[in-house]
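Novice: Here is my input; please provide its structure:
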Amino acid sequence: MANNIMIAHLNVWVRSAMFLFIAGAILLRLAWWWESVVRKSVIDDPLPTLLPFPPKLEGVFAPNTLLQGISKIGEGLLPGPEDLAFDAKTGLMYAACGDGWIKRITITHVLDGNYKVENWRYVGGRPLGIVMGNHGELLVCDPFQGLLNVTEDSVHVLSDEAGGKKFKFADGLDVSEDGSVYFTDATTKYGFGYSDYDVLEGRPNGRLLKYSPETKETTQLLTGLYFPNGVALSGDQTFLIFCETSKVRCSKYWLEGDKKGQIEVFIENLPGYPDNIRYNGHGIFWIGLVSKRSAMLEILFRIPQLKYYVAANKAVMEKLGAAALSIGRVIGVGEEEGKVVYMYEDPSGEAMPFVTTALQVDDSLYLGGLGTSYIGHLQLNLSLS
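Specialist: Numbers count the residues shown, from 1 in each chain. All right, here's what the predicted structure looks like:
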C-alpha cells in the first residue's frame with residue numbers, strides 16, 4: 001500500500017512538473033513574441049480588418065486591357081503625378097509631383113503629340129491633392145505643410161491644424177463655388193510614408209475638414225474615418241463624396257437639405273483601394289484605384305497578431321506593397337445611383353500602374369499615379385449630356 005501511495009505522489013509530481021514546463025514554455029514564447037514582434041512593431045493595438053470578399057470579375061468588372069492603349073504625356077518629366085488639375089480658362093493642366101514641384105502642362109494639341117511640360121512652382125514636401133481655386137490660384141494638400149494656396153508668385157499656408165491637432169496627412173480636396181475648401185487629413189497618427197501602417201492598424205484615425213475663406217478657420221466635419229482620401233463635390237454641391245481607402249468604399253456627406261450633416265455609404269466593396277475622386281460635370285465620378293485586392297491578404301488581416309508580424313518586418317511590408325502595384329484600374333461611378341458604370345484597367349500594371357487619379361477634360365481622361373513618370377491619356381467614347 002505504501003508503494004501505491006508513493007507511486008500516486010510520483011504521478012502528481014510528474015504531472016505538476018509537466019504542467020510547469022508547458023506553462024514556462026508558453027510564457028517564454030509569449031515573451032519572445034512581445035520582445036521580437038510587438039515591441040518592434042510600428043502599429044499599436046491593431047483591429048481586425050473585416051472586408052467583404054471582393055466582387056466577382058464579371059459584368060462591368062470583367063477584366064479588360066483598355067488602359068494598355070494609353071498615350072504617355074511628358075514621359076520622364078513627371079515623377080509620380082499624384083493628382084491633376086485643369087484650368088479651363090487657359091487650357092493648362094497642373095500635376096502634383098514627387099519631387100516637390102507643381103508641373104504645368106500645355107495640352108491644347110496633346111492628340112498630335114504637341115505638348116509642353118515645365119516646372120511651374122516648387123512647394124517642397126510632397127504635394128498630393130490639387131484643385132483649381134476660384135480665382136486662378138491652385139489649392140494644394142501637402143502632408144508636411146497642410147493646405148496651401150499656390151500662385152505664380154507665392155506659396156502660402158492656409159491651414160495646418162484643426163480641432164487642436166496639427167495635420168499629419170493632408171490628402172485630397174475640392175473647392176465649392178463660395179470658396180470653401182473641403183479636404184481630408186487621412187490620418188492623425190501616421191505621417192507621409194507610413195500610410196501603410198495606418199491601413200494595417202485598421203483604426204479610424206482620419207477626418208474630413210472644411211476651410212472657410214471668410215473666417216480663415218478650419219473645422220472638423222467628421223472624425224473617426226478609415227484613411228479618408230480624395231474628395232469631390234456633387235454637381236449641385238448639395239453633397240460631397242470622399243474615399244475611405246482602407247474600407248474599399250466611398251461615403252457621401254450631405255452639405256445641404258434635410259440630411260445636412262449626415263453621412264451614408266455611396267458605394268462599397270470596390271474591386272480595389274480608392275484614392276482620388278473627380279467629378280466630370282456630367283454625372284460621373286472618376287475614381288483611381290491604387291491597388292488590387294487580395295482575398296488571401298484580407299483574410300490574413302483579419303488576425304491582429306499577424307498584423308504585428310507584418311508591421312515589424314519591413315521586408316514583408318515591401319513585398320506586400322510591391323504586389324499591390326501589379327495592376328492599374330480606374331472606375332466611373334454614376335452620381336445618382338452610386339454604381340460603377342465604367343471600368344478601365346491595365347492588368348499587367350506596366351502601362352499605367354498604381355492609378356491615383358483620373359481627370360476628365362472634354363472626351364479625354366487624364367490619369368496620374370505614383371508608379372509612373374508621366375500622365376496617361378485615354379480617349380473616351382462617352383455621351384456627355
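
Novice: Enumerate the beta-bridge partners assigned to Asp174.
Specialist: Taking DSSP bridges as the rule, Asp174 bridges to Tyr182.

Novice: residue contacts, it?
Specialist: 131, 181-183, 231-233, 240 (Cβ atoms under 8 Å, 6 or more residues apart in numbering). Placement of C-beta: from N, CA and C, glycine included.

Novice: do the same with Gly100
Specialist: 122-127.

Novice: Quickly note the distance from it to Gly76.
Specialist: Plainly put, Gly100 is 17 Å away from Gly76 if you go by Cβ to Cβ, to the nearest Å.

Novice: Same question for Ile263.
Specialist: Distance, Ile263 to Gly76, using Cβ to Cβ: 42 Å.

Novice: more neighbours, the two?
Specialist: For Ile263 versus Gly76, neighbours defined as other Cβ atoms under 10 Å are more numerous around Ile263 (16 against 9).

Novice: Tell me the confidence at the more buried one?
Specialist: Here the pLDDT value assigned to Ile263 is 97.

Novice: how far away is it from Asp83?
Specialist: Using Cβ to Cβ, Ile263 is found at 24 Å from Asp83.

Novice: what do you get for Val157?
Specialist: In this view, Val157 and Asp83 are 18 Å apart by Cβ to Cβ.

Novice: which one of the contacts of Asp174 is nearest Leu138?
Specialist: Nearest to Leu138, judged by Cβ to Cβ, of the contacts of Asp174 is Val131 at 7.6 Å.

Novice: which residues does that closest one contact?
Specialist: Taking Cβ under 8 Å, 6+ apart, one finds 85, 138-139, 173-175 in contact with Val131.

Novice: Between the residues you listed, which sits nearest Gly281?
Specialist: Nearest to Gly281 among the contacts of Val131, counting by Cβ to Cβ, is Asp174 at 12.7 Å.

Novice: Format the CA atom coordinates belonging to stretch 243-252 as CSV.
Specialist: What follows is stretch 243-252, C-alpha atoms only, in CSV (Å, rounded to 0.1, in the frame of the first residue of the first chain):
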residue,chain,number,x,y,z
CYS,A,243,-13.0,57.8,-50.5
GLU,A,244,-12.1,55.7,-47.4
THR,A,245,-9.2,53.8,-48.8
SER,A,246,-8.8,51.1,-46.1
LYS,A,247,-12.5,50.3,-46.2
VAL,A,248,-12.6,50.0,-50.1
ARG,A,249,-15.6,52.3,-50.1
CYS,A,250,-16.7,55.9,-50.8
SER,A,251,-19.0,57.8,-48.5
LYS,A,252,-21.5,60.6,-49.0
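
Novice: quick revisit: Val157 and Asp83: who's more crowded?
Specialist: Asp83 (27 against 11).

Novice: what are the bridge partners for that one, then?
Specialist: Using DSSP bridges, the beta-bridge partners of Asp83 come out as Ala96.

Novice: try Tyr122
Specialist: Beta-bridge partners for Tyr122, by DSSP bridges, are Trp101.

Novice: neighbours of it, just the number please.
Specialist: Tyr122 sits with 13 neighbouring residues when counted by other Cβ under 10 Å.

Novice: where in the stretch 51-200 of the chain is pLDDT low?
Specialist: 109-113 (pLDDT under 70).

Novice: show me where it has strands.
Specialist: Along the stretch 51-200 of the chain, counting by DSSP state E, counting those that start in this stretch, strands occupy 71-73, 83-87, 92-96, 101-109, 114-122, 130-132, 138-142, 146-150, 155-159, 161-162, 165-166, 170-175, 181-185.
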